[in-house]
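Novice: this one's structure only:
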């Protein structure tokens, strides 16, 4: 079983001796042969092991040792150590209890202040295969992937860092840091061409900040965190398994789902089948012990789903060298298609309807006006008041002659003549769920926000 280690860990391949393997695997080892290596921020060194004695106990013959085995890398890029430590902690603290999910079998893992190492099975020796740099896969394959994710999510549903203080969120700060150079990165020669609205780094960064700040806690669970095509493999019986557990953290379940779906499917298949895949995920989540959600009768599901496409942002600004140019180009194209289809950036500037039902204060008329205004004319404005601004009294509560509360400056003149009727209908429905009332009224007037399935 994997365990933690407080001793000094090897940082050079030459330190991975038979004696070291013997101490970690609990069996006396005669020899180890390094068969191949994959170098990177976290390197993977592969060994074939010969034991001194025969044994009926389960023990590996072919292993992968993953860690940071380049002292210069540790010195120049110390953040790589934190990734290796996080993955080692997954194998020692999380993996032994995870059910309904496929990942490499771990034999030992440990950390110290300058290293994190995991010893796991060599997947190639098990007959596993890996995706090409650029590929797309069937809907059934992706359904198998989201089944695996549903298993992890169900097991940790509703939990947070408060329950597991050692699982600190290393993902959001890293992503936010990389996105700060947006304007410069997207204009470099040779980068994928983005539509004009995705060339605005200020607006895109604000949208990302909003996503991280406004995730709906109803959907919080433990995530893999990095479910793209480069972090999966296929078992000998053709199931999907998940690699690279250095980014696991607590967040919205749909982060894993949409990130995986976008990377794995062609644009055409994603457009045609994403609601089918989402429904399959939700059904599996409930079957494996998670809550029951229905996107048709619970508008918060699709609100959170669409907002979670912000997690694909990495492919728009992926630093040179982290992934191949071919993969970045392909996944950037797929990401842009999701942003176009779901109007993701615009959607982030809507008041989060899920926040309306989670607040303990009855929404004011200003809140309803802002929801209405953003839904009726979402593309006309880059920034509208947030709930925080409303709570702090930064939105004018003045009245029009017709009795409707005043809408944000710049929005009033864009509303249709029938607008007061819309507000009146909303107010009539206030005893119901505020979120459902808003959505129903906007649907009745033909001005519903983009929250449903494509026709």
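Specialist: Sure thing, it's come through. The structure presented is a predicted model; accordingly, all values stated were derived computationally and were not measured.

Novice: Any chance of the backbone angles for the residue nearest to the spatial centre of the chain?
Specialist: Against the mean C-alpha coordinate of the chain, by C-alpha atoms, centre = their mean, the closest residue is residue 255 at 3.1 Å. Per-residue torsions, residue 255: phi -50, psi -60 (degrees, to the nearest 10).

Novice: how about the nearest residue to it, chain neighbours excluded?
Specialist: The shortest distance from residue 255 to any non-neighbouring residue, by C-beta to C-beta, 6 or more residues apart in numbering, is to residue 311 (4.7 Å). Using the backbone N, CA and C atoms, a C-beta is placed for each residue, glycine as well.

Novice: and the one helix or strand residue 143 maps to, how far out from the chain's middle?
Specialist: Using DSSP states H and E, residue 143 maps to helix 139-155. Here helix 139-155 shows a centroid-to-chain-centroid distance of 14 Å under the convention C-alpha atoms, centre = their mean, to the nearest Å.

Novice: which residues in the protein form strands?
Specialist: 29-38, 43-51, 62-67, 106-112, 115-121, 220-223, 232-234, 240-242, 249-252 (DSSP state E).

Novice: Indicate which one of those strands is closest to residue 8.
Specialist: In terms of C-beta to C-beta, the element of the strands of the chain nearest to residue 8 is strand 106-112, at 5.9 Å.

Novice: Now do the helices in the stretch 151-300 of the chain.
Specialist: Using DSSP state H, counting those that start in this stretch, the helices found in the stretch 151-300 of the chain span residues 171-179, 182-185, 201-214, 253-264, 267-287, 299-307.

Novice: Any regions of this structure where pLDDT drops low?
Specialist: Along the chain, segments meeting pLDDT under 70 span 1-7, 351-455.

Novice: contact partners of stretch 83-90?
Specialist: 4, 41-42, 66-68, 109-111, 115-118, 166, 170, 244-248 (C-beta atoms under 8 Å, 6 or more residues apart in numbering).

Novice: and if we set it to 6 Å?
Specialist: Contacts with stretch 83-90, where a contact means C-beta atoms under 6 Å, 6 or more residues apart in numbering, come from 42, 67, 68, 109, 111, 116, 117, 118, 245, 246, 248.

Novice: So this structure: which segments form each domain?
Specialist: 13-122, 139-348, 360-444 (automatic domain parsing).

Novice: I'd like those written out as JSON lines, with distance to residue 132 added.
Specialist: Shown next, in JSON lines, are the domains of the chain (distance: least, C-beta to C-beta, whole Å):
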{"stretch": "domain 13-122", "distance to residue 132": "16"}
{"stretch": "domain 139-348", "distance to residue 132": "9"}
{"stretch": "domain 360-444", "distance to residue 132": "37"}
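
Novice: Correct me if wrong: residue 345 contacts residue 207.
Specialist: Yes. Counting by C-beta atoms under 6 Å, residue 345 does reach residue 207; the two are 5.0 Å apart.

Novice: ok so, going back, which strands or helices does the helix holding residue 143 pack on?
Specialist: Under the contact criterion of 3 or more C-beta pairs under 6 Å, 6 or more residues apart in numbering; DSSP states H and E, helix 139-155 touches helix 253-264, helix 267-287.

Novice: most neighbours per residue, which of those helices?
Specialist: helix 253-264 (a mean of 27; mean count of other C-beta atoms under 10 Å).

Novice: what angle sits between it and helix 267-287?
Specialist: 150 degrees (axes from the mean of the first three to the mean of the last three C-alpha atoms, to 10 degrees).

Novice: Could you check stretch 29-40 and say which residues are buried?
Specialist: 29, 32 (16 or more other C-beta atoms under 10 Å).

Novice: Once you drop chain neighbours, what's closest to residue 234?
Specialist: residue 129 is the one closest to residue 234 (C-beta to C-beta, 6+ apart), at 4.9 Å.

Novice: Tell me how many other residues crowd residue 237.
Specialist: Residue 237: 7 surrounding residues under other C-beta atoms under 10 Å.

Novice: Assess the claim that residue 282 and residue 293 are in contact.
Specialist: Yes. Here residue 282 reaches residue 293: they are 4.9 Å apart, a contact under C-beta under 6 Å.

Novice: now the residue nearest to residue 234: how far from residue 235?
Specialist: 9 Å (C-beta to C-beta, to the nearest Å).

Novice: Which one's more surrounded, the two?
Specialist: residue 235 (14 against 11).

Novice: ok, that one to residue 103 distance?
Specialist: From residue 235 to residue 103 the distance is 11 Å (C-beta to C-beta).

Novice: swap in residue 22?
Specialist: Counting by C-beta to C-beta - residue 22 and residue 103 are separated by 25 Å.

Novice: quick one: which of these two has more around it?
Specialist: residue 103 (21 against 17).

Novice: Please work out how many residues are found near the residue nearest to that one when sequence neighbours are not counted.
Specialist: In this structure, residue 103 finds its nearest non-sequential neighbour in residue 242, 5.2 Å apart by C-beta to C-beta, 6+ apart. Residue crowding around residue 242 was assessed by other C-beta under 10 Å; the count is 21.

Novice: beta partners for residue 242?
Specialist: Residue 242 has the following beta-bridge partners by DSSP bridges: residue 232.

Novice: show me what contacts it?
Specialist: Contacts of residue 242 by C-beta under 6 Å, 6+ apart are 103, 224, 232.

Novice: For residue 337, see how far away residue 330 is.
Specialist: Residue 330 is 11 Å from residue 337, by C-beta to C-beta.

Novice: neighbours around residue 70, how many?
Specialist: 18.

Novice: picking up where we left off before, mind checking which of the domains of the chain is nearest residue 133?
Specialist: domain 139-348 (4.9 Å).

Novice: how far does that closest one sit from the chain's center?
Specialist: The answer for domain 139-348 is 4 Å, by C-alpha atoms, centre = their mean.

Novice: residue contacts, the residue nearest to the centre of the chain?
Specialist: So residue 255 contacts 223, 308, 311 (C-beta under 6 Å, 6+ apart).

Novice: go on, residue 122?
Specialist: 46, 62, 63, 64.

Novice: ok, now which ones touch residue 75?
Specialist: Per C-beta under 6 Å, 6+ apart, neighbours of residue 75: none.

Novice: Hmm, residue 107 is touching residue 119, no?
Specialist: Yes. Look at residue 107 against residue 119 with C-beta under 6 Å: they come within range, at 4.6 Å.

Novice: Of those two, give the one with the bigger neighbour count.
Specialist: The neighbour count for residue 107 versus residue 119, taken as other C-beta under 10 Å, is higher for residue 119 (25 against 22).

Novice: ok, the more buried one to residue 139 distance?
Specialist: From residue 119 to residue 139 the distance is 35 Å (C-beta to C-beta).
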